Structure formats: structure tokens, C-alpha cells
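In: below: sequence and its predicted model.
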Amino acid sequence: MNAQPTFDTHNPTGPLDRPLGGPLRWAALVVLCAVAMLARRPSIIRAPTLWLEDAGVFLRGARVDGVSALTHAYNGYFHTVPRLIALVVNWFPVSWTPTLYALLSAFVAAGCCALVMSQRLGWLFRSRVRQWVTLALLVALPRIGEIQATLTNTIWWLGLALLLTILCDDPTTAVGRRSEVALVVLFVLSGANGVLLAPFMLVRVGRLRSSHSWRLLTSWWLAAGIQVVALATGTRPDPGAVPSSVASLGRWAVERTVGPLVIGGNWVEERQHLVTDYRLRYTALVIIAAIGITVVILAGHRWTTSVMALGVPIVGVAAGLVATGGFARWLPGRYTAIPIAALLIGLISAHPPQRLVRCAQYALLVWIIAIRPVDLVIPARPAIAWEPVATCLERNLEVCAVPSNPDPSAPPALIPASR
């Protein structure tokens, strides 16, 4: 008589058969991901522009303050990686600035996504095919129009890298362990995501119980503490009270995270839906999909991993609703990027022993993969002529006006002459 399958018998603990390859293969993978991301909006390269904070915060800081800009908090947090990139780009001709900002931001995002192919995640996925599917869906993530190839929004991709780091095994070499600690500190000091994800680092410590995981936890929490102090002592715009009922907030949260996966990001962004509410049949489909994803994650992982895959979306979206305040109904895509990624990782890597749940998992994945081409292409941003700005900055005139997206008609950033 055959024994019934259990979680452990259905989820073997052996490593993947072989690693992906050496540094050259990893570099090629990152380049491939970056090209795929840029192909979703080719105008980024044909007619590059600067995002709002790219001009008024990071370009201005690099030119006016230099290295000391690294000590300046913006919107309540330090943004170390974007400021470092801005400082590097400042050594190149000004005419290259929008292109370099876009390219380097795309490569940062690609590198963060490529981390999902790491051998250190073998325990989670158990299959190279699952890792490739996850990578493809991360590169094709919905609702990333705002965070695609913009310097200020690299912080959301760095948050994805931190999420994957929590799920990784420890590096096998001393150099790898030291590098991981350094990168984690750098990423946590780049925006708020390191603070939001800090409690989930306990999942890795509890799973591995290694001295390195404890050192990583300590370093992470110290860096997060610095961000909390910066937030407590700095200033941040007041978004106003979060409106409506708890039920409405919950519905918006589900629609903004699961809706883009099963209906498409364009559907979520349609203004008439935001103003008049969604049609009942669409809302019902999203709720059914959300329940299915939750069941698959709970049945297909140990409880600690399930807490991670479901807790990150809850914490991330809740923080987004609070941060947007009175505009919570319009919850921007940047607040749902990491929650959507966490749901995809949890869904694809799940190994539920129950046949019915596995069927639901495969059905959901087929549906999500089939729906992605609906909004794969991201509309171009408004064009902005860079030549006059570049001329002004190159001549180091007293003050240069730098228009930027998302609204070129808004008052431009004013950048004084560099010192």
C-alpha cells in the first residue's frame, strides 16, 4: 500500500543539478534582461528624458553637492544607490545624462531580477524551468511604467533584490558572504523597502540558523535603523488621511496586486474603473484568483515561506495605502511592484502535495502567462528636448531649468551652477 504524499516527500531537499555558470554567463543574462526591459518602451533609448526626482534631486545633488549628497536624505530616507549612480554619471558629458540614467537604471533592475536564477535559491524552486519562468515574469512585471529605467525608482528593484536575498541560502565563500553583507547594507540605505522587509529577515535566520545569517540580520537592522532615524528627524509630505472603509481599502489592495496578473495592468490603470468602481464580474475574477494564489502558497510551502510570500504583499500594499493617503484609490504601480513579485515567486515556487491544488497552480500560471502580452508594451513618456538643458549645464550658467517627466509642463527643476 502506497503512502500518501506529504509536504516533505513532495518537496525533495537536494540541490539543483548544476549552477547557471560563471561571471560571463551571469553578465550575459543581465544584459539580456536589460534589453528585454528596454524593449518594452524603446523610446527610453531613442528619446531619453529625466524623471522628476532624477532632475531635481539626484542630478542637482551630484552637480551642486558632490559626494556630500550621499549624506542628504530625500523624502525621509537616504537613497544611496541612486546618488552613487548620479555621481558616476556626473563624470561624463552632460549630453549623455538622460541616456546613462536610463541605461544604468535598467541594468540595476535587470541585475535584481537575474538574482532569481541563483543557485542559492535552488532549495525554493527545485527546478531551473521554474526559475526561468519566474525571471521572465519579473522582467515582464505589470504596472512598472513609473519605475522603468528611472534613477529614483531603482529603489523598488533593489527592494526586489532584498526580498530574494531573504529567500537565498548563504554564500559558500568568504568573499561571497562579505559581499552579501555590503550589498545588503547599500540596498537598505536606498529607500524605505529595507525597513519594510527587515522583519522578514528573521525567516532566513530561522531557516538557516547560521552565523552568517545572524551577521546579515544585524547589518540589515542597523542600516534600517539609520533609515528610521532619518525618517523620524527629517520631513516627509503629508498625504492626508486614508479615506473610506477597511473593506474598500482591502478591495483596492487586492485589485492593484492580483488584478494586473489576471486581467492586465492596463485594466487596473483605466481611470473610469478607478472613478466608478470595477464591474462586478471583473472584481469576482480577481477575488477568485487571489484566493487561489493564497491557497497554493499556503499548501505549497512551509509556513515560514508562506508568511514571507503573503506577508510582503500585505505589508507593502498597506504602506503604499498609508503613503498615498487621500489618493489611496489610485495606488501607484511603484507600491505594488514588490507585492506582485512576491506573489509570483510564491506561486511559481510552490510544491503542493495535493493534486487539486497543483492543478489550480498550473491553471493560474497558464492564465497569468497568457494575459501578460496584453500590456507588455509600455506607452512612451512625453518627449522633452535635452539639448538646450545640456547647453546650459555645460556652460555652467548661474541657474538652469530642467523640465522632467511625468509632467513636462510642471515647473522645472532649477539647478544652480556647480561648484
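Out: The structure has been received and is ready for your questions.
In: which one is Phe58 nearest to, not counting chain neighbours?
Out: Closest residue to Phe58 in three dimensions, ignoring its sequence neighbours and counting by CB to CB, 6 or more residues apart in numbering: Ala86, at 4.0 Å. Where C-beta positions appear, they are placed from N, C-alpha and C, glycine not excepted.
In: what strand or helix carries that neighbour?
Out: Taking DSSP states H and E as the criterion, Ala86 maps to helix 80-89.
In: how far off centre is that helix?
Out: The chain centre lies 18 Å from the centre of helix 80-89; the measure is CA atoms, centre = their mean, to the nearest Å.
In: elements contacting that helix?
Out: Counting by 3 or more CB pairs under 8 Å, 6 or more residues apart in numbering; DSSP states H and E, the packing neighbours recorded for helix 80-89 are helix 60-64, helix 97-114, helix 154-167, helix 174-188.
In: any buried residues in that helix, and which?
Out: Of the residues in helix 80-89, those scored as buried under the neighbour-count criterion (16 or more other CB atoms under 10 Å) are 80-87, 89.
In: likewise for stretch 115-125?
Out: By neighbour count with 16+ other CB under 10 Å, stretch 115-125 contains the buried residues 115-118, 120-125.
In: return the member of these nearest to Pro411.
Out: Nearest to Pro411, judged by CB to CB, of those is Leu115 at 38.6 Å.
In: from the middle of its chain, how far away would stretch 365-375 be?
Out: Centroid displacement of stretch 365-375 relative to its chain, using CA atoms, centre = their mean, is 20 Å.
In: check what contacts it and list those residues.
Out: The list of residues contacting stretch 365-375 from outside it, by CB atoms under 8 Å, 6 or more residues apart in numbering, reads 133, 137, 140, 142, 260-266, 289, 344, 347-348.
In: OK, contacts around Val228?
Out: When the contact criterion is CB under 8 Å, 6+ apart, the partners of Val228 are Val195.
In: please tell me how far it sits from Val195.
Out: Val228 is 6 Å from Val195, where distance means CB to CB, to the nearest Å.
In: before we move on, what about Tyr74?
Out: Remark: distance between Tyr74 and Val195 (CB to CB) = 15 Å.
In: and if you look at Trp330?
Out: According to CB to CB, Trp330 stands 24 Å off from Val195.
In: repeat for Phe92
Out: In this structure, Phe92 and Val195 are separated by 33 Å, where distance is defined by CB to CB.
In: what about those two, which has more around it?
Out: In this comparison of Phe92 against Val195, neighbours counted by other CB atoms under 10 Å, the higher total goes to Val195 at 20 against 11.
In: the more buried one and Val108, how far apart?
Out: In this structure, Val195 and Val108 are separated by 20 Å, where distance is defined by CB to CB.
In: with Ala253 instead?
Out: Between Ala253 and Val108 the distance, using CB to CB, works out to 27 Å.
In: still on that earlier bit, show me the contacts for the residue nearest to Phe58.
Out: With contact set as CB under 8 Å, 6+ apart, Ala86 has these partners: 54, 58-59, 61-62, 69, 101, 151.
In: dihedrals phi and psi, Gly22?
Out: Main-chain dihedrals, Gly22, degrees, to the nearest 10: phi -80, psi -170.
In: likewise for Ala383?
Out: Dihedral angles phi and psi of Ala383 (degrees, to the nearest 10) take the values phi -70, psi 140.
In: again, but for Ser190
Out: Note on Ser190: backbone dihedrals following degrees, to the nearest 10 are phi -130, psi 80.
In: show me what it is bridged to.
Out: His79 (DSSP bridges).
In: so it makes contact with Tyr74?
Out: No - assessed by CB atoms under 8 Å, Ser190 is found out of contact with Tyr74, at 10.8 Å.
In: what about those two, which has more around it?
Out: Taking Ser190 and Tyr74 together and counting by other CB under 10 Å, Ser190 has the greater number of neighbours (26 against 20).
In: residue contacts, the more buried one?
Out: Counting by CB under 8 Å, 6+ apart, Ser190 touches 78-82, 154-155, 158.
In: any idea of the pLDDT on Gly250?
Out: Model confidence at Gly250, expressed as pLDDT, equals 87.
In: from Arg395, how far out is it?
Out: 54 Å.
In: ok, now Pro93?
Out: Pro93 sits 13 Å away from Arg395 when distances are taken as CB to CB.
In: cool, and Phe78?
Out: Distance check for Phe78 against Arg395: by CB to CB, it reads 32 Å.
In: do Leu298 as well
Out: Taking CB to CB as the criterion, Leu298 is separated from Arg395 by 61 Å.
In: more neighbours: these two, which one.
Out: Neighbours of Leu298 and Arg395, each counted by other CB under 10 Å, are more numerous for Leu298; the result is 18 against 11.
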